[in-house]
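*Asks:* need the 3D shape of this:
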Amino acid sequence: MRWEYWQRLLSHMPIVSERETLFARTQDVHWLPAFLVKYWLGTHSTLRLGGNVTLIRSPFPTQVPMPYFDYMWAYYWVGEPTLTTGRSYNLDLRYEFLEDKENLIAVGLFYKRLRDLPEV
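*Replies:* Residues are numbered from 1 along each chain as shown. Model (predicted):
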């Protein structure tokens, strides 16, 4: 199992004399399953199976909770509250042949499934 804590901070950067202030904060905590199984076929070859889940987040300007005018770029950032974090399910099957330290041959199959992508 993997544990992931994600935090993004957006601060208002003043032009002249104001102090920098925190404008928005987003944070997530996720438990992400992962596994790896390795089976020795012989003295020089193995069969390896691995899988994990990764997260796909939307770009930060789309996570801003309210309209915000950025004076540096003269641009309004507006968030989209309906966007959610997507997931990627990954599966990897690999045959590895290790003759010595410098010679490794690996043949693998990889499968990836994307779910709930944040459409921007």
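
*Asks:* what about the chain, any weak spots by pLDDT?
*Replies:* Within the chain, the segments meeting pLDDT under 70 span 13-17, 65-66, 71, 119-120.

*Asks:* nearest the geometric middle of this protein, what residue?
*Replies:* Closest residue to the average C-alpha location of the chain: residue 55 at 4.4 Å, with Cα atoms, centre = their mean.

*Asks:* excluding chain neighbours, what is closest to that residue?
*Replies:* Spatial nearest neighbour of residue 55, excluding adjacent residues (Cβ to Cβ, 6 or more residues apart in numbering): residue 85 at 5.3 Å. Glycine gets a C-beta too; all of them are placed from N, C-alpha and C.

*Asks:* how much space is there between the residue nearest to the centre of the chain and residue 115?
*Replies:* In this view, residue 55 and residue 115 are 11 Å apart by Cβ to Cβ, to the nearest Å.

*Asks:* quick one: common contacting residues for the two?
*Replies:* Listed as contacting both residue 55 and residue 115 by Cβ atoms under 8 Å, 6 or more residues apart in numbering are 86-88.

*Asks:* next step: those restricted to strands.
*Replies:* Counting by DSSP state E, the part of the shared contacts of residue 55 and residue 115 found in strands is 86-88.

*Asks:* quick check: residue 7 touching residue 24?
*Replies:* No - Residue 7 lies out of contact with residue 24 (Cβ atoms under 8 Å); the separation is 11.3 Å.

*Asks:* compare neighbour counts for those two and give me the winner.
*Replies:* Applying other Cβ atoms under 10 Å to residue 7 and residue 24 shows that residue 24 carries more neighbours, namely 17 against 9.
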